[in-house]
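Asker: quick one: sequence and predicted model below, then my questions.
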Amino acid sequence: MYAIRTKRVYAPFDPADGRRVLVDRLWPRGIKKEAAALDGWSRDLAPSTELRKRFAHDAGRFGEFRTAYRLELDGNPAALAFARSCEAALTAGNVTLLYAAREETFNNAAVLCEWLQQQTERGH
């Protein structure tokens, strides 16, 4: 069975990544677009600038960030449309959400991945 996964954009390309989508609002430093091997860049799925700055990748604020970001996703028509496209893509392979943050656990892609998994389980 295929899955929605997360991965740092700086990690090497792997064919098992399947569909690779950058989910950060800002382009990652030091990466050329060709080297990123992206299938898409969904800036509109990223947390709002205000939320991103308030979180500032502080693990102590992650709970608050997670709650606020999930509320943003629930109200974002682009996120709901992306969840439907992920559901379709999962019939053919994995979907990998790429992010630039150094922190591999407490980041927007982890929250988005969790949210998408719940959306696709519900059949949205």
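Answerer: Yep, that arrived. All figures in this text were calculated on a predicted structure; none of them were measured in a lab.

Asker: tell me where the protein has strands.
Answerer: Secondary structure of the chain (DSSP state E): strands located at 4-8, 19-22, 40-41, 95-99.

Asker: name every strand pairing with the third one and say which way it goes.
Answerer: Sheet partners assigned to strand 40-41 using DSSP bridges are listed as strand 19-22 (parallel).

Asker: wait, what's in contact with Leu73?
Answerer: By C-beta atoms under 8 Å, 6 or more residues apart in numbering, the contact list for Leu73 reads Leu45, Ala79, Val111, Leu112, Trp115. Where C-beta positions appear, they are placed from N, C-alpha and C, glycine not excepted.

Asker: so the last one is in contact with Arg70, correct?
Answerer: Looking back up the chat, that one is Trp115. Yes - between Trp115 and Arg70 there is a contact under C-beta atoms under 8 Å: 5.7 Å.

Asker: distance of the nearest residue to Glu103 once chain neighbours are set aside from Pro15?
Answerer: In space, Glu103 comes closest to His57 once its chain neighbours are excluded; the distance is 5.6 Å by C-beta to C-beta, 6 or more residues apart in numbering. Look at His57 and Pro15: by C-beta to C-beta, to the nearest Å, they are 30 Å apart.
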